[in-house]
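K.L.:
Sequence first, then the predicted structure:
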Amino acid sequence: FLGFWSLKIPGKDLRNWRLTLSSSLSPATTCLLVEPTVTVFPSKTQPLQHHNLLVCSVNGFYPGHIEVKWFWNGQEEETGVVSTGLIRNGDWTFQTLVMLETVPQSGEVYTCHVEHPSRMSPITVEWSENRMLH
């Protein structure tokens, strides 16, 4: 007897869920993969050339294994990167905030790069000074 299981997903959230069954695992094993939602925003709205924190919000993903990186003009940025770590949402999904301390300059492009098992390719979200009031 293999057993039965069910999964209830509210209709409005259905587009965010994808169930993947892997034949390489035992027949009783399933893998639930939920894609993250990624948004990028400054922690405060300030003119250019003022210290700011760019926030990459990654929300609603499962499983909790995720890799989030910041890029500045195409180069990975490791200095000034701070993370909240994984936060449980209470519905089996996770979220994290990964922040980059920076002083935005005109013409610069910042990119949040997210890799997760639910995706075949990374999610990238760009932010540049034209998205900020100045």
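P.N.:
That came through, no problem. Numbers count the residues shown, from 1 in each chain.
K.L.:
got the contact list for the closest residue to residue 126 other than its chain neighbours?
P.N.:
Of all residues not flanking residue 126 in the chain, residue 111 sits nearest, at 5.0 Å (Cβ to Cβ, 6 or more residues apart in numbering). C-beta: built from backbone N, CA, C; applies to glycine. Counting by Cβ atoms under 8 Å, 6 or more residues apart in numbering, residue 111 touches 70, 71, 72, 74, 124, 125, 126, 127.
K.L.:
Mind giving me the PyMOL select for these, buried ones only?
P.N.:
Applying 16 or more other Cβ atoms under 10 Å to those, the buried members can be selected in PyMOL as follows:
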select buried, resi 70+71+72+125+127
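K.L.:
just the contacts of residue 111 now: which is nearest residue 97?
P.N.:
residue 70 (12.0 Å; Cβ to Cβ).
K.L.:
distance of residue 34 from residue 96?
P.N.:
Distance, residue 34 to residue 96, by Cβ to Cβ, to the nearest Å: 14 Å.
K.L.:
Between the two, which is the more surrounded one?
P.N.:
For residue 34 versus residue 96, neighbours defined as other Cβ atoms under 10 Å are more numerous around residue 34 (22 against 19).
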